[in-house]
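Engineer: Sequence first, then the predicted structure:
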Amino acid sequence: MEPIALAVIGGTGVYALAQLDDVTTVQVDTPYGAPSGPIRIGSLGGQRVAFLARHGEGHSIPPHKINYRANIAALKQLGVARVLALNTVGGISENWGPQVLGCPDQLIDYTWGRISTFCEEAGSEVLHVDFGHPYTPALRAQVLAAAARAGVSVVDGGCYGATQGPRLETNAEVERLRRDGCDLVGMTGMPEAGLAREAGLDYACLAIVANWAAGCAGDEEITMAEVLANVAVASAGLPAIVSELVNQ
């Protein structure tokens, strides 16, 4: 079987990679249960690429109910070594407005109650992985270089604040995130990144800014229509970035 050059995990508003050719569907069983859905494997630029919709292809799984361990384990079982995570987020800092793409380099985990490690079961090897740089620096560099070659603007760096969801944050919570140094806020950044590190996978995030976080643009109500419209605009450059990235 040909190796898989890249796996892409899609977030809210990104449920497929339309540019894949000769797509096959793989159902993977893992020791941690079933992943969020089928893994679609196809050809892009002469390379095999896998795609998994994090919330399910019908967006039926809320952030706190995603089986992150099964998702990462399934990709690992397929021989994946590099994972590009697409995360739909709210912007906090000035340069993280709606319709922006960014590649964060840090994160803070505010989630709770999620199984966040492969060391959960009795008898599992205890892994104390280095997580000082939660996104693999080499893969981040490749993503940024791919975006530059594709002519797609991507913010380099920033801190992702991972919150519990599925509700959006209060104004006060976002203000706390700002004080803590977060530039963007989302609900699926953890434990996915930590599990990828435990599994030995290279992992980087492309954050898709769907809206200003609560209180960052006055008291305007955040609607799903606004979120999905902004995701569609921001995602327009993703196919070109992925096409450049697969051959690095």
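Structural biologist: In hand now; what should we look at?
Engineer: alpha carbons only for contacts and neighbour counts from here, please
Structural biologist: Noted.
Engineer: center of the protein - which residue?
Structural biologist: By C-alpha atoms, centre = their mean, the chain has its centre lying nearest to residue 85, at 2.9 Å.
Engineer: does that one have beta-bridge partners, and which?
Structural biologist: Beta bridges link residue 85 to residue 9, residue 205, judged by DSSP bridges.
Engineer: Would you check how far apart it and residue 41 are?
Structural biologist: Separation of residue 85 from residue 41 (C-alpha to C-alpha, to the nearest Å) stands at 16 Å.
Engineer: Which elements pack onto the top helix by length along the chain?
Structural biologist: Ordering each helix of the chain by length in residues (DSSP state H) puts helix 137-150 first. Under the contact criterion of 3 or more C-alpha pairs under 8 Å, 6 or more residues apart in numbering; DSSP states H and E, helix 137-150 touches strand 101-103, strand 202-212, helix 238-245.
Engineer: Am I right that the residue nearest to the centre of the chain is in contact with residue 6?
Structural biologist: No. Using C-alpha atoms under 8 Å, residue 85 is not in contact with residue 6, being 10.6 Å away.
Engineer: contacting residues around stretch 79-91?
Structural biologist: 3-14, 97-98, 139, 183-189, 200-213, 216, 231 (C-alpha atoms under 8 Å, 6 or more residues apart in numbering).
Engineer: and residue 140, what pLDDT?
Structural biologist: Per-residue confidence (pLDDT) for residue 140: 98.
Engineer: likewise residue 208?
Structural biologist: 95.
Engineer: burial measure for it, as a count.
Structural biologist: 34 (other C-alpha atoms under 10 Å).
Engineer: And the contacts of stretch 121-128?
Structural biologist: Stretch 121-128 is contacted from outside by 118, 119, 198, using C-alpha under 8 Å, 6+ apart.
Engineer: give me that answer again for 6 Å
Structural biologist: residue 119 (C-alpha atoms under 6 Å, 6 or more residues apart in numbering).
Engineer: what's the average pLDDT for it?
Structural biologist: Averaged across stretch 121-128, the pLDDT comes to 87.
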